[in-house]
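>>> kindly return the folded structure for what I paste below:
(chains A and B)
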Amino acid sequence: MNQEKIGRFIAKLRKEQNLTQQDLADKLQVTDKAVSKWENGRCLPDISFLEKLSQIFQVTIVELLKGERNYKKKEVKGDIKVLEVNNLSKSFGKRKILNNINLDIYEGEIIGLIGPNGAGKTTLIKCILGLYKFDNGSVKIDSYNTKTDLDDALSKIGCIVETPNMYNHLTGRQNLHITELLNNIKDLSYVDEIIKLVGLEDRINDKVKKYSLGMKQRLGLANALIKRPSLLILDEPTNGLDPKGIKNLRELLKKISVDSHMSILISSHILSEIENICDRIAIIDEGKIISVFGIEEIKYKNKSLEEEYFNKTEKFENREDNDENN
Amino acid sequence: MKIINLIKCEFIKNFSLKNLFISIILLFLTTICVLKITVQDTSIYFNMNTDLIRDSYNELINKKDKSLEDEYNIVFFENYLEIANIFKDSIVRHNDWRNTIINDVVTYKTQNFLIDRIIHDSNNDIIKMACNIEDKTDLSKMEEDINNLCNNYTTDELIGLYTINEEKYNDYKKLIEEDKYYLYLQYEIEHGNLESNGFIETLINNKVEKMDNYLALNYLQYNSIGQDNNVSEEQNYSKLKNDNEAFKAILLYSTTHNIPHDIEYNYWNSIDSGDTYITTKKAVNQVYHLSFIIMIIISITCSGIVSKEHSKGTIKNIITTPVKRWQVLLSKFIYLILNTYLLWFIGLIIISIVSGMKYGFSDLLTPKLIYTGSKVIEVNYYLYTIKMMLLASIPIMCFLSILFFISTISLNTSLTVGITSVLGILTPVVWLMKVAGNIRQIVYTPLWYFDCGFIINNSIHYIEIMLFKNVYFGLSTGIISSIIVIIVLYLITNVIYTKRDIKN
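Okay, here's the model as predicted:
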């Protein structure tokens, strides 16, 4: 056992939770000097303290004694696949935009889709939604195949593709009413809850042309949520939002995911936001999914998402170049 | 049902009171213009002008040596002026009964002049010559009269005739002074000059005095129908013959049942168009001509029905729901149709109100007379009009399918507005210009039937084309060609749209 390593680990865990040494000492009912000794590697905490530390920091005792977290995949809340994309390909004329895409999304997880411009993010989303007809492969939503049961499949999805487009000359409530009619929603008791959830109860009866961009995003989200979908697809949701708007959206999405076990697919360029919200990340480049990993993996490796992203995409593009050269 | 929900959505999205208000104003203005152009009183009136006759009379009176013919003419002019002076200062319809009998009435006097001369001046050379002439061609009127009197009457008979003529002249003069049409008719019947019929009975029973009364005009019309009018067999004469039969029956029924009819007059049926009377029903019959402004309104307000959803991006909200693309398209098309019917219904109300205010509302409550199965029947005017509007709306639906096609395939609102508004504007133009040249091809296309007013009302524009261009067509031609175009265009639109990628 490397006492120094353990000490550094405890310090790191403490800082992750924004605790001073005094705070931690108070929690454990010891002096701050004792905490300082542990962190300097001068001595080890007793087994009773190790238990308490394990509870506070949400790590196992084994990990504490190892001085590092065990990497494990995030436990999915179930085995249920909300989205299953198999060998999806799409070409526009001679250009192949999507090339054998495979992607699964499980119930309750938030998955981020990142990639360079032109990689095929929006195309992939549009193929999932049935806006584009794809050439090969299949898309299943809640085990409904979009080719044979498109109606049932689409009733499980809520989405905002590119900007949320509403009818500007109508009020927010009228726009939502249209969605209710389109989706044949009979039970309207929870619509007010959704309006409250997105924070639009004051302005819901105003015309949409008077809304700010943030409010339009929130209305778009409410629109998507009315269907009570299993999967929420958001294409660049933070586009044009100010920092407060971004923060509000992030908290809203987290709340929704936790409260209703809804899966969320977010496509974005803003890596920091993806890093904050998502459980899993998929990197797409040149029409192929080049990497899928959980957010813990990079935390474990002490990297930032940005580093990992550039690493993976450069490798991919270099490998392609090498192939060409060979 | 999903489609009903979708149609509800279309109304929420597209219907606006502002548009409705502007449409009502446009319809109102168009109604005024249409009525001004199509409903015209073509009655001919004139002021009795006796100047020429007076001049001729004065010329003859001052002549030194008057011949027999001169004296004959002087008698004519003198008595003509006497009669004419009775109604000289009033405005007279061109075929007022008084006007038509004036010559005959004066003839009694001229005949009496000749009788007098024949009896008392039998040695006059001219008289002797006229009496004995064998070859009766090239005789003047006077000579013909003399010949007739000499050879067909004995002297006693001539004296008797003289008395009768004087009586008749005075009777007719008195009738003209009284100026009551039914008294004139009664006189004619009593003296065996006219046989009573439904018309005359009604006119007498109703004591119709003036010829402006529609009952009198009906009778005049009836008498002028059926006269041959340079119409040959090749020129669709059978239609005219059938029309004449129908018109006569309707005129009689209209008179005997006291229900104003709404037949549109045209001179090819030998109906003298100088004897029109305008009824409210005839004015409201012009409702079919409102179709062109409705097409323009729809073109401006609804061209974006599919293309705007794409340009604004709201189509994604619709397509990513459990609603099929063909259902989306169908609901939009049905919205177009319902919108058109709404506008047309409003147009009918507006034209009814405007016409009613000008010509009276009571006429609209009377039934419409139509001739079918060899008899005249009464039908509810509005039910009939609405039924014809439904038929006339089928070519309009063809217009809608063209609009829909362009909007959906091009996804360009401005292009759609441009093309369809031109079609709308062309609609009355093609009829009024009576597109020369290859009319045969055009009458088989729906374009010709966007405005069915002339066909349904059987008006002169319609009849003329059939006679001059030797092309036979009717409402059914338009309906069949429209249905074909609607089905073809809609199917193409549907197929292309459902297979497409949604780029926006």
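>>> export the helix or strand bottoming out on mean pLDDT in chain B to CSV, keeping only CA atoms.
Ranked by mean pLDDT, DSSP states H and E, the weakest helix or strand in chain B is helix B:439-442, scoring a mean of 72. Output of helix B:439-442 as CSV, limited to C-alpha atoms (Å, rounded to 0.1, in the frame of the first residue of the first chain):
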residue,chain,number,x,y,z
ILE,B,439,-61.1,27.3,-78.6
ARG,B,440,-61.9,23.6,-79.2
GLN,B,441,-58.8,22.6,-77.2
ILE,B,442,-59.5,25.0,-74.3
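>>> now the element after that helix, going C-ward?
helix B:453-456 (DSSP states H and E).
>>> and the next element down the chain from that following helix?
helix B:460-468.
>>> off-centre distance for that following helix?
Helix B:460-468 sits 13 Å away from the centroid of its parent chain (CA atoms, centre = their mean, to the nearest Å).
>>> what ranges do the strands span in the stretch 301-450 of chain B?
Ranges of strands in the stretch 301-450 of chain B, per DSSP state E, counting those that start in this stretch, are B:368-372, B:375-379.
>>> mean neighbour count, those strands: which tops it?
When those are scored by mean count of other CB atoms under 10 Å in any protein chain shown, the highest mean neighbour count falls to strand B:368-372 (a mean of 17). Placement of C-beta: from N, CA and C, glycine included.
>>> so it versus strand B:375-379, what angle?
140 degrees (axes from the mean of the first three to the mean of the last three CA atoms, to 10 degrees).
>>> packing partners for strand B:368-372?
helix B:237-256, strand B:375-379, helix B:381-410 (3 or more CB pairs under 8 Å, 6 or more residues apart in numbering or on different chains; DSSP states H and E).
>>> buried sites along the first one?
Under the neighbour-count criterion of 16 or more other CB atoms under 10 Å in any protein chain shown, helix B:237-256 has B:239-240, B:243-244, B:246-256 buried.
>>> got it, and the last one?
Taking 16+ other CB under 10 Å as the basis for neighbour counts, the residues of helix B:381-410 that come out buried are B:381, B:385, B:388-389, B:391-409.
>>> ok, the residue nearest to residue A:213 when sequence neighbours are not counted to chain B distance?
Nearest residue to residue A:213, sequence neighbours excluded (CB to CB, 6 or more residues apart in numbering or on different chains): residue A:240, at 4.8 Å. Distance of residue A:240 to chain B, computed by CB to the nearest CB, to the nearest Å: 15 Å.
>>> can you count the residues close to residue 15?
As the question left the chain open, I've gone with chain A. Using other CB atoms under 10 Å in any protein chain shown, the number of residues around residue A:15 comes to 10.
>>> let's do chain B instead
Neighbourhood size, residue B:15 [other CB under 10 Å]: 14.
>>> now for it: which residues touch it?
residue B:339 (CB atoms under 8 Å, 6 or more residues apart in numbering or on different chains).
>>> try residue A:104
Contacts of residue A:104 (CB under 8 Å, 6+ apart): A:81, A:83, A:84, A:85.
>>> dump the residues you listed to CSV, plus distance to residue B:45, neighbour count and pLDDT.
Putting the contacts of residue A:104 into CSV (distance: CB to CB, whole Å; neighbours: other CB atoms under 10 Å in any protein chain shown; pLDDT from 0 to 100) gives the following:
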residue, distance to residue B:45, neighbour count, pLDDT
A:81, 91, 16, 83
A:83, 86, 23, 88
A:84, 89, 17, 88
A:85, 86, 22, 90
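>>> can you show me the strands along the stretch 101-250 of chain A?
A:110-114, A:136-141, A:144-145, A:157-160, A:231-235.
>>> what about the strands in the stretch 1-150 of chain B?
B:45-47, B:91-93.
>>> if you compare those strands, which one is most tucked away?
Using mean count of other CB under 10 Å, strand B:91-93 ranks as the most buried of the strands of the stretch 1-150 of chain B, with a mean of 15.
>>> can you put the strands of the stretch 101-250 of chain A in JSON lines and add mean pLDDT?
Listed next are the strands of the stretch 101-250 of chain A as JSON lines, based on pLDDT from 0 to 100:
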{"stretch": "strand A:110-114", "mean pLDDT": "91"}
{"stretch": "strand A:136-141", "mean pLDDT": "88"}
{"stretch": "strand A:144-145", "mean pLDDT": "86"}
{"stretch": "strand A:157-160", "mean pLDDT": "87"}
{"stretch": "strand A:231-235", "mean pLDDT": "90"}
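>>> chain B is nearest to which of those strands?
Between chain B and the strands of the stretch 101-250 of chain A, the tightest spacing by CB to the nearest CB is seen for strand A:157-160, at 5.6 Å.
>>> got a list of contacts for the closest one?
Counting by CB under 8 Å, 6+ apart, A:125, A:128-129, A:141, A:217, A:220-221, A:223-227, A:229-235, A:237, B:316, B:320 sit against strand A:157-160.
>>> how distant is it from the center of its chain?
14 Å.
>>> in its sheet, what does that strand sit against?
In the sheet, strand A:157-160 lines up against strand A:231-235 (parallel) (DSSP bridges).
>>> can you list contacts of the strand it pairs with?
A:82-83, A:105, A:121-122, A:125, A:128-129, A:141-142, A:156-162, A:224-225, A:253, A:256, A:262-267.
>>> report the angle between it and strand A:136-141.
120 degrees.
>>> quick one: strand A:231-235 to strand A:110-114, angle?
Going by the same axes, to 10 degrees, strand A:231-235 makes 30 degrees with strand A:110-114.
>>> picking that back up, same list (the helices and strands packed on strand B:368-372) but as TSV, adding distance to residue B:289.
Listed next are those as TSV, based on distance: least, CB to CB, whole Å:
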stretch	distance to residue B:289
helix B:237-256	21
strand B:375-379	22
helix B:381-410	10
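>>> nearest spatial neighbour of residue B:336, chain-adjacent residues omitted?
Spatial nearest neighbour of residue B:336, excluding adjacent residues (CB to CB, 6+ apart): residue B:400 at 4.7 Å.
>>> from what I can see the one you found touches residue B:339, true?
No. Contact criterion CB atoms under 8 Å: residue B:400 and residue B:339 do not qualify, at 9.0 Å.
>>> need the overlap of contacts for the two.
residue B:298.
>>> which helix is the longest one in the chain?
All of this is about chain A. For chain A, the helix that runs over the most residues, judged by DSSP state H, is helix A:305-325.
>>> please go with chain B instead
For chain B, the helix with the greatest residue count under DSSP H is helix B:325-359.
>>> other SSEs contacting that one?
By 3+ CB pairs under 8 Å, 6+ apart, helix B:325-359 packs against helix B:2-14, helix B:17-38, helix B:280-284, helix B:291-302, helix B:304-312, helix B:315-319, helix B:381-410, helix B:475-499.
>>> tabulate those helices in CSV, adding columns for mean pLDDT.
Output for those, formatted as CSV (pLDDT from 0 to 100):
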stretch, mean pLDDT
helix B:2-14, 91
helix B:17-38, 94
helix B:280-284, 93
helix B:291-302, 94
helix B:304-312, 90
helix B:315-319, 86
helix B:381-410, 95
helix B:475-499, 93
